[in-house]
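Colleague: show me how the following folds:
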Amino acid sequence: MKKILGNLRKAVSEFNLINENDQIAVGLSGGKDSMTLLYALKLFQKFSPVKYHLEAVTISMGFENFNFTPLKDFCNKIKVPYTIENTHIGKIVFDLRKEKNPCSLCANMRRGALYNVMQNRGLNVLALGHNKEDTIETLFMNMLYNGRIKTFLPKTYLEDRNIKVIRPLVYVSEHQILAASKRHSIPIVKSPCPVDKQTAREDTKNLMLHIYKHAPKAKDRILTSIKNKDQFELWFDV
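Modeller: You can find the predicted model right below:
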């Protein structure tokens with residue numbers, strides 16, 4: 001956990017992610033990333049240079065086979081207030097709309113539900129568990145599927161909602177998260193989503209694993225290139 005906290009602290013400092021008296025909600029899906037993020041932010045409270053309040057929020061998609069008990073127990077154990085918001089997003093996306101590519105609509109609806117819960121509870125910062133690999137995969141997905149050179153930012157601000165969205169794990173590797181979740185007995189609940197592991201993101205993840213195998217330093221070099229705004233040589237400069 002020491003490496004994760006070190007990388008989290010680096011991101012918080014470099015991108016000014018957390019300010020004094022921020023009211024932070026962790027979007028808790030039950031996956032390894034969000035669960036580890038919640039635990040890391042709870043530990044970081046002890047030595048953070050600024051004070052902040054921490055809660056966890058889960059958006060229930062309406063799937064009957066999702067077990068919330070491990071999430072509730074973990075939040076109770078680390079003494080973090082926990083809210084479950086019940087929705088019918090799963091039914092809307094898969095049964096009513098019958099989306100062939102459901103991920104974008106699902107993500108937008110979940111995010112909207114999260115914002116509503118946050119505003120009702122007086123929370124102004126949403127912390128998401130995207131890690132180093134997620135950052136890189138999003139870059140390649142946008143290039144391959146959307147024709148854009150773009151990935152998510154460590155910090156964004158939604159003026160219409162007065163909510164700041166932060167990603168404190170952008171310097172943390174998936175390997176570090178897996179190791180920490182096992183070492184600290186952080187519970188992980190499998191996603192009940194019908195298209196879990198069958199998405200374009202999963203295909204991109206497998207592509208990147210192939211690249212990392214043949215170019216072991218590619219991960220850090222791609223992340224460095226994302227930050228290197230002075231070294232772009234693209235056609236719009238011609």
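Colleague: all contacts plus neighbour counts: C-alpha atoms, from now on.
Modeller: Will do.
Colleague: residue 110 contacts residue 89, doesn't it?
Modeller: Yes: the pair residue 110 / residue 89 is scored as a contact, 7.5 Å apart, by Cα atoms under 8 Å.
Colleague: which residues of the protein fall in strands?
Modeller: 22-27, 52-60, 82-86, 125-127, 155-158, 163-166 (DSSP state E).
Colleague: tell me which residue is most central in the chain.
Modeller: residue 129 (2.7 Å; Cα atoms, centre = their mean).
Colleague: wait, that residue touches residue 172, no?
Modeller: No: using Cα under 8 Å, residue 129 is not in contact with residue 172; the gap is 9.8 Å.
Colleague: check the residue nearest to the centre of the chain and give its pLDDT.
Modeller: Note on residue 129: pLDDT of 95.
Colleague: so who does it touch?
Modeller: 27, 33-34, 36-37, 167-169 (Cα atoms under 8 Å, 6 or more residues apart in numbering).
Colleague: got it, and residue 132?
Modeller: 169-174, 223.
Colleague: what's the closest non-adjacent residue to it?
Modeller: residue 170 (4.7 Å; Cα to Cα, 6 or more residues apart in numbering).
Colleague: am I right that that neighbour is in contact with residue 135?
Modeller: Yes: at 6.8 Å, residue 170 counts as touching residue 135 under the criterion of Cα under 8 Å.
Colleague: higher neighbour count, the two?
Modeller: residue 170 (25 against 22; other Cα atoms under 10 Å).
Colleague: residue 231: how many residues sit nearby?
Modeller: Residue 231: 9 neighbours (other Cα under 10 Å).
Colleague: what sits against it?
Modeller: residue 225.
Colleague: which of the contacts of residue 129 are buried?
Modeller: 27, 33-34, 36-37, 167-169 (16 or more other Cα atoms under 10 Å).
Colleague: TSV for those, including pLDDT and distance to residue 57?
Modeller: Below are those laid out as TSV (pLDDT from 0 to 100; distance: Cα to Cα, whole Å):
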residue	pLDDT	distance to residue 57
27	95	5
33	96	14
34	96	10
36	97	14
37	98	13
167	97	16
168	98	17
169	97	18
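Colleague: so what touches the helix-or-strand element of the chain with minimal mean pLDDT?
Modeller: Sorted by mean pLDDT, DSSP states H and E, the helices and strands of the chain end with helix 89-90, the least confident at a mean of 80. For helix 89-90, the external contacting residues (Cα under 8 Å, 6+ apart) are 61-63, 106, 109-110.
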